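J.: sequence plus the predicted model coming up.
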Amino acid sequence: MSSKAGYKQVKRMTPAMRIIHWVNVVSMIVAVATGLYIAAPYYQTLMAEDAVDKYVMAWNRWGHFIVAIIFDVTSIIVAYLFFFSRFEKPWKKVIPTGKNIKEFGQVVVNLLTLNRTKNFDSTHSDSFNSVYFLIFHLLLFWMLFTGLQMYVHGLGSGISSIGAWWPAMLHLVTDWTLPVSSWFIGSTATGTNIMDVRISHHITMWLIIVWVVFHIYYQVWRTIFWKEGDIAIVVGGSKFVKEDKEA
């Protein structure tokens, strides 16, 4: 692809990163739609029979579980790339050094003043974006572990189709979400219970939705104000910056 005169093409996302992004987009839409139905069934079926006869809840639970597995896989990949990517080193941008804190503040001020004080380099990922995406993956981390806790709660007998080791392992790695959820909800006085996990799981879903809304808004905002084609990064992997800035 040829660059516009006076602009230089800068690679920002590899094909693998873009695939993970769009897989997560589709998975998130499915997770929210099916999760809302599991919490409070909001549709039945256009046919005369009852929803239970069509296994509507079963299909929603299956879809929710499948996209949760996809999130598990992509989260492991993202966690690996966060530290060991040869393309970029996101972890270096979230360390609270003086340089990163200053850049973070400059981006926030630029956003609040509608691009009147842009005095930082936007060629590559800045500290604000790196911290913002770290928050997203921490929220996703919480969703995955609370979801698995609710799943293993349904295996009350302590056995599964693949043996007792599976529920035992899930209890080992997710039971900590019970007291944390109770603290999060503010019901520690009544003791830990699975309902606190469900409520915190549901609240976190809305926090992620808010995150997504601002993420889309901010990328469009950058594209309009900075005129560097940021919105195209997740499609073509590149953006364009003035050649004198790159230099």
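T.: Happy to help now that I have it.
J.: low-confidence stretches in the protein?
T.: Within the chain, the stretches with pLDDT under 70 are 1-4, 45-53, 188-190, 244-247.
J.: just checking, what's the longest helix in it?
T.: Among the segments of the chain that qualify as a helix by DSSP state H, the longest is helix 194-226.
J.: which residues touch the following helix or strand past that one?
T.: Scanning forward in sequence from helix 194-226 by DSSP states H and E, the next helix or strand is helix 233-236. Under the contact criterion C-beta atoms under 8 Å, 6 or more residues apart in numbering, helix 233-236 has outside partners Met1, Arg12, Met13, Arg18, His21, Trp22, Lys239. All C-beta atoms are positioned from the backbone trio N, CA, C, and that covers glycine.
J.: chain center to helix 233-236, what's the gap?
T.: Put simply, helix 233-236 sits 18 Å off its chain's centre (C-alpha atoms, centre = their mean, to the nearest Å).
J.: kindly write the ChimeraX command that selects the buried subset of the contacts of helix 233-236.
T.: The buried residues among these can be selected in ChimeraX (16 or more other C-beta atoms under 10 Å) with this line:
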select :12,13,18,239
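J.: and which of the contacts of helix 233-236 is nearest Asn110?
T.: Lys239 (16.7 Å; C-beta to C-beta).
J.: what's the spacing between the closest one and Leu144?
T.: For Lys239, the distance to Leu144 (C-beta to C-beta, to the nearest Å) stands at 31 Å.
J.: then His171?
T.: His171 sits 15 Å away from Leu144, going by C-beta to C-beta.
J.: quick one: the helices in the chain?
T.: Using DSSP H, helices in the chain cover 15-39, 56-84, 91-94, 98-112, 127-153, 165-174, 177-185, 194-226, 233-236, 243-246.
J.: which other helices and strands contact the second one?
T.: Counting by 3 or more C-beta pairs under 8 Å, 6 or more residues apart in numbering; DSSP states H and E, the packing neighbours recorded for helix 56-84 are helix 15-39, helix 127-153.
J.: out of those helices, deepest packed?
T.: Most buried of the helices and strands packed on helix 56-84, by mean neighbour count (mean count of other C-beta atoms under 10 Å): helix 127-153, with a mean of 18.
J.: and it, how far out from the chain middle?
T.: For helix 127-153, the distance to the chain centre is 7 Å (C-alpha atoms, centre = their mean).
J.: what angle sits between it and helix 56-84?
T.: 140 degrees (axes from the mean of the first three to the mean of the last three C-alpha atoms, to 10 degrees).
J.: just checking, what packs against helix 127-153?
T.: Counting contacts by 3+ C-beta pairs under 8 Å, 6+ apart, helix 127-153 is packed against helix 56-84, helix 91-94, helix 98-112, helix 165-174, helix 177-185, helix 194-226.
J.: please identify the deepest-packed of those.
T.: Comparing those by mean neighbour count (mean count of other C-beta under 10 Å), helix 177-185 ranks first with a mean of 18.
J.: Ser200 touches Gly186, doesn't it?
T.: No: contact criterion C-beta atoms under 8 Å: Ser200 and Gly186 do not qualify, at 10.5 Å.
J.: what residues are up against the nearest residue in space to Ile231 that is not next to it in sequence?
T.: Nearest residue to Ile231 in three dimensions, chain neighbours excluded: Thr223, at 4.2 Å (C-beta to C-beta, 6 or more residues apart in numbering). By C-beta under 8 Å, 6+ apart, Thr223 lies in contact with Gly229, Asp230, Ile231, Ala232.
J.: sounds good, over and out.
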